[in-house]
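Participant: here's a sequence, model it:
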Amino acid sequence: MPIIAEEPISNKLWLSVSQAAKLFGVEQKTIRRAIKAKEITYIVEDERYSIEMGSLITWAHQSARLINKLNQYGVGKFVKEWKEEFKDIINKKTRKQENK
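Facilitator: Numbering: from 1, shown residues only. Below is the predicted model of the structure:
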């Protein structure tokens, strides 16, 4: 069970409810339900939730449904493109080294 932080920890990434929902491809009410169930680590600042990124990642990987939403509607939908771009960059660097 996640711990509710008393104060922000400076070396962690904190997101708002709307940012977390967009990033993970779920509705804001899904994030709020996870907060209410204490499934993710959060703090309250100026009457707004700030959610710790690491706990969101852990939470999102606990069910196949959430993993699918992450991959289909969240940041996961870009991973294939990033892999292709990275592969192209590596190939270009390899070709340059071979031509030397």
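Participant: which one's the longest helix in the chain?
Facilitator: For the chain, the helix with the greatest residue count under DSSP state H is helix 79-99.
Participant: so what's residue 12 closest to, chain neighbours aside?
Facilitator: With sequence-adjacent residues excluded and distances taken as Cβ to Cβ, 6 or more residues apart in numbering, residue 12 is closest to residue 52, at 5.4 Å. (C-beta placed from N, C-alpha, C; glycine too.)
Participant: any low-confidence regions in this structure?
Facilitator: The model of the chain has pLDDT under 70 over residues 1-10, 100.
Participant: can you give me the helices for it?
Facilitator: If DSSP H is used as the criterion, the helices of the chain fall at 17-24, 28-36, 53-60, 64-73, 79-99.
Participant: would you mark the buried spots in the fourth one?
Facilitator: It stands for helix 64-73. 66, 69-71 (16 or more other Cβ atoms under 10 Å).
Participant: ok, the third one next?
Facilitator: Of the residues in helix 53-60, those with enough neighbours to count as buried (16+ other Cβ under 10 Å) are 53, 55-56, 59-60.
Participant: now do the second one
Facilitator: Buried residues in helix 28-36, defined by neighbour count with 16+ other Cβ under 10 Å: 30-31, 34-35.
Participant: what's the closest of the residues you listed to residue 20?
Facilitator: Residue 20 has its nearest neighbour among these in residue 31, at 5.0 Å by Cβ to Cβ.
Participant: coming back round to it: how about the buried residues of helix 53-60 in TSV, adding distance to residue 97?
Facilitator: Output for the buried residues of helix 53-60, formatted as TSV (distance: Cβ to Cβ, whole Å):
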residue	distance to residue 97
53	36
55	41
56	39
59	42
60	38
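Participant: for these, which one is nearest residue 90?
Facilitator: Nearest to residue 90 among those: residue 53, at 27.2 Å, using Cβ to Cβ.
Participant: just to revisit the earlier point, beta-bridge partners for the residue nearest to residue 12, please?
Facilitator: As for beta bridges, residue 52 partners with residue 14 under DSSP bridges.
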